[in-house]
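Participant: got a predicted model here, sequence first, then my questions.
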Amino acid sequence: MKIIYFSGNGNTKHCAKEFSKLTGNESVFSIEDEGAIQAIKKSDFFCFAYPVHFSNIPFIVRDFINNNSKVFRGKKVFLIATMGLFSGDGTGCSARLLKKYGAEILGGVHLKMPDVIGDVGLLKKSPQENKNIIKNTEEKIRKTADLINSKKYPQEGLHFYNHIAGLFGQRLWFLREAEKHRKNLRTDVEKCTGCALCEKQCPTKSIRIENGKAVLIGNNCTICYRCVNSCPHKALTIIGKRMLEQCLFKNY
Ligand SMILES: Cc1cc2nc3c(=O)[nH]c(=O)nc-3n(C[C@H](O)[C@H](O)[C@H](O)COP(=O)(O)O)c2cc1C
């Protein structure tokens, strides 16, 4: 099964690769890769994976679907939503949008992964707890891949009651917050060396080095946390005021 994914910090990429290994070892494309659209055009059936952001699809994923709406007509899609704690309808959010553009949703699964909000302490776990979360999720991926291989598709996040849980559990309260955080990237100018790693890695090209320091530009930040978690000098924050832990999958 071909897999198209977005991953800010590596969690979703890891899950996408594990799924691919267990479902025929077909190619895996990030939506940031040039080949992603062609890959979708060439497949009748593919898997679409992304992290849940405030019980919703990340802005960059929503834009990707809206901007390429024509390629989804007639495609069969299985959805994977990774999350830190709670996702009422993480898969349901993209399912509704993709259905609007003519896709058929075969099923979906929610996968718990380590938290990635490196500047907020609330959901932080010990390294061993994170390892256990990943191990349990890999087991869930194996079971789900077996089901997919026998054409049985779990329906996590796709029922009406999931929609209500996602909406009232989080989305209604956090929609405005999420929009606000898009303008929130802050640079500690004492720590920032202007190395430009954040600028190179930003999936929405929302960071530029000006006068030797990282600055947010435009309105497209998708709050994925890649810059915050990969800054070698821990100079960036978004929601919190202080960098606490660099939460990249490769660090676990
Ligand atoms: C801005 C933001 C908002 C998030 N909101 C939620 C959420 O509402 N529910 C949840 O369970 N996890 C939430 N998470 C956690 C991520 O969904 C989870 O850690 C995911 O696996 C990260 O994947 P990635 O490494 O591919 O970016 C959020 C993460 C970020 C950065």
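Facilitator: Looks like it came in fine.

Participant: for A39, give me its contacts.
Facilitator: Listed by Cβ atoms under 8 Å, 6 or more residues apart in numbering, the contact partners of A39 are K2, I4, S27, F29, F46. The way it works is simple: take the backbone N, C-alpha and C, and place the C-beta from them, glycine included.

Participant: just send those residues back as JSON lines, with secondary structure too.
Facilitator: As requested, the contacts of A39 are arranged in JSON lines below (DSSP: H, G, I helix; E, B strand; the rest coil):
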{"residue": "K2", "secondary structure": "strand"}
{"residue": "I4", "secondary structure": "strand"}
{"residue": "S27", "secondary structure": "coil"}
{"residue": "F29", "secondary structure": "strand"}
{"residue": "F46", "secondary structure": "strand"}
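
Participant: neighbour-wise, which one of the residues you listed leads?
Facilitator: When neighbours are counted by other Cβ atoms under 10 Å, I4 leads the contacts of A39 with 25 neighbours.

Participant: look up how far T137 lies from that one.
Facilitator: 19 Å (Cβ to Cβ, to the nearest Å).

Participant: okay, now the domains of the chain?
Facilitator: For the chain, automatic domain parsing gives the domain ranges 2-175, 184-251.

Participant: just send the ones you listed back as a markdown table, with mean pLDDT too.
Facilitator: Shown next, in a markdown table, are the domains of the chain (pLDDT from 0 to 100):
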| stretch | mean pLDDT |
| --- | --- |
| domain 2-175 | 95 |
| domain 184-251 | 96 |
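
Participant: how about those domains in TSV, adding distance to the ligand?
Facilitator: Compiled in TSV, these are given as follows (distance: least, Cβ to the nearest ligand atom, whole Å):
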stretch	distance to the ligand
domain 2-175	3
domain 184-251	4
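
Participant: the residue nearest to L123 when sequence neighbours are not counted: how many residues sit nearby?
Facilitator: Once flanking residues are discounted, L123 sits nearest to D115: 3.9 Å by Cβ to Cβ, 6 or more residues apart in numbering. The local packing of D115 (other Cβ under 10 Å) involves 22 other residues.

Participant: wait, D115 touches G84, no?
Facilitator: Yes: contact criterion Cβ atoms under 8 Å: D115 and G84 qualify, at 4.0 Å.

Participant: what is in contact with those two at once?
Facilitator: Joint contacts of D115 and G84 (Cβ under 8 Å, 6+ apart) are L123.

Participant: ok, how many other residues are close to A178?
Facilitator: Neighbours of A178 (other Cβ under 10 Å): 18.

Participant: next up, the contacts around it.
Facilitator: By Cβ under 8 Å, 6+ apart, the neighbours of A178 are H53, F54, N56, F59, I223.

Participant: understood, closing this out.
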